[in-house]
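*Asks:* Fold the following, please.
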Amino acid sequence: MKPYRVPQLARKYVEYDMIQQHTEMPAFPDSRTRLLFEFLNRNAQGLHASEDELYALVTSLVQMGLDTHDMIDTLSGIRSPEEMRSRQLKVLAGDYFSSRFYQLLALAGRIEAISKLSDAVCEVNAGKMSLYWEMKHYRLNAAQYLSQMVCFKQELFLSLTSLIAEQDQEVWKQLLNEFALCDTLVEQWEKRAEPDKSRFGYMFWHIYGNGDQHEQALLSEGGTETAVWRKLVLKYKAEDAILDKLRTAVTHIRQTLSDEQNTGIEEFECMLEPFLKLLNSSHPVVREG
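*Replies:* Numbering: from 1, shown residues only. Model (predicted):
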């Protein structure tokens, strides 16, 4: 198998001192990028040399652009100069990451791929506008939120399904969905301790859907105090809900990989390592007593 080195190739585009010093950046979408690369690599006869790396790289850059824009805070109020700089850099960095995919594909003469990814970006942004409307009017539950976020995280990668060998496309879609779910759950887990970052996230909707009217009112008002948030997280076992879903997704991936019909993909097991590490070492931020 060809070695996977897309994260190393992406560094020249995503690692800038100015950005790293003054603002927070999203995690590199490694599991989905590697999955795409591996399946493209299995279709060596249908692709030109190094196209597997090219397509995986540009898709990861577009995803980084979308994820960076998602991190821009939309809260009203006065911001410090440092907060303003951070916000401005997120806008510019997201635009920059997204623009690089046009350049790389255009230089390679892969105009059709530009169209596929551009259409996928439009689908994601349209879906996000609908989701934000549902959030604003509190017409959403935790399951619906999670389902939508998983769709957003796999849309770009799904747009290149036609480049994957036909016999691999079904298992590709199954695994991509599960890995997108794992990535979404990990992202939600990392935000769990801070009410501002968790607002309108999976744990928020989990608690909102199970809470009484007083608790729903507290969440609706915004600015929930950290101590209050942690009590609600504990009361409704919101952390356990994330870990249970992550555990189930990992199990589904293993079942797919072990299916005797899916030969030659057993090595994908190593891609589960970061999720297994979290499951084996996770400690709730809230404890009773």
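
*Asks:* Without its sequence neighbours, what residue ends up closest to residue 24?
*Replies:* Spatial nearest neighbour of residue 24, excluding adjacent residues (C-beta to C-beta, 6 or more residues apart in numbering): residue 71 at 6.5 Å. Where C-beta positions appear, they are placed from N, C-alpha and C, glycine not excepted.

*Asks:* Torsion angles phi and psi at that neighbour?
*Replies:* Here the main-chain torsion angles of residue 71 (degrees, to the nearest 10) amount to phi -80, psi -10.

*Asks:* which sections of the stretch 1-150 of the chain are below the confidence cut-off?
*Replies:* Within the stretch 1-150 of the chain, the set of residues satisfying pLDDT under 70 comprises 1, 17-18, 20, 22, 44, 73-85, 87.

*Asks:* Can you list the residue ranges for helices in it?
*Replies:* Assigned by DSSP state H, counting those that start in this stretch, the stretch 1-150 of the chain shows helices spanning 6-14, 17-22, 30-41, 51-70, 81-107, 111-136, 142-158.

*Asks:* for these, which one sits closest to residue 281?
*Replies:* With respect to residue 281, and counting by C-beta to C-beta, the nearest of these is helix 30-41 at 18.0 Å.

*Asks:* Kindly calculate the angle that that closest one makes with helix 51-70.
*Replies:* On the basis of axes from the mean of the first three to the mean of the last three C-alpha atoms, to 10 degrees, helix 30-41 is oriented at 160 degrees to helix 51-70.

*Asks:* can you list contacts of helix 30-41?
*Replies:* When contacts are taken as C-beta atoms under 8 Å, 6 or more residues apart in numbering, the neighbours of helix 30-41 outside the stretch itself are 1-2, 4, 6-7, 47, 51-53, 55-56, 59-60, 63, 153-154, 157, 160, 163-165, 168, 172, 175-176, 179-180, 182-183, 265, 268, 271, 274.

*Asks:* picking that back up, between the helices of the stretch 1-150 of the chain, which gets nearest to residue 206?
*Replies:* With C-beta to C-beta, the closest approach to residue 206 among those belongs to helix 142-158: 4.2 Å.

*Asks:* Report the contact partners of the spatially closest residue to residue 101 that is not a sequence neighbour.
*Replies:* The spatially closest residue to residue 101, leaving aside those adjacent along the chain, is residue 58, at 3.9 Å (C-beta to C-beta, 6+ apart). Residues near residue 58 by C-beta under 8 Å, 6+ apart: 100, 101, 104, 105, 113, 117.

*Asks:* State the pair within the residues you listed that is farthest apart.
*Replies:* Comparing the members of the contacts of residue 58, the greatest separation, given C-beta to C-beta, is between 100 and 113, at 13.6 Å.

*Asks:* Export the helices of the stretch 1-150 of the chain as CSV, with columns for distance to residue 223.
*Replies:* Written out in CSV, the entries for the helices of the stretch 1-150 of the chain read as follows (distance: least, C-beta to C-beta, whole Å):
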stretch, distance to residue 223
helix 6-14, 33
helix 17-22, 25
helix 30-41, 34
helix 51-70, 21
helix 81-107, 16
helix 111-136, 16
helix 142-158, 21
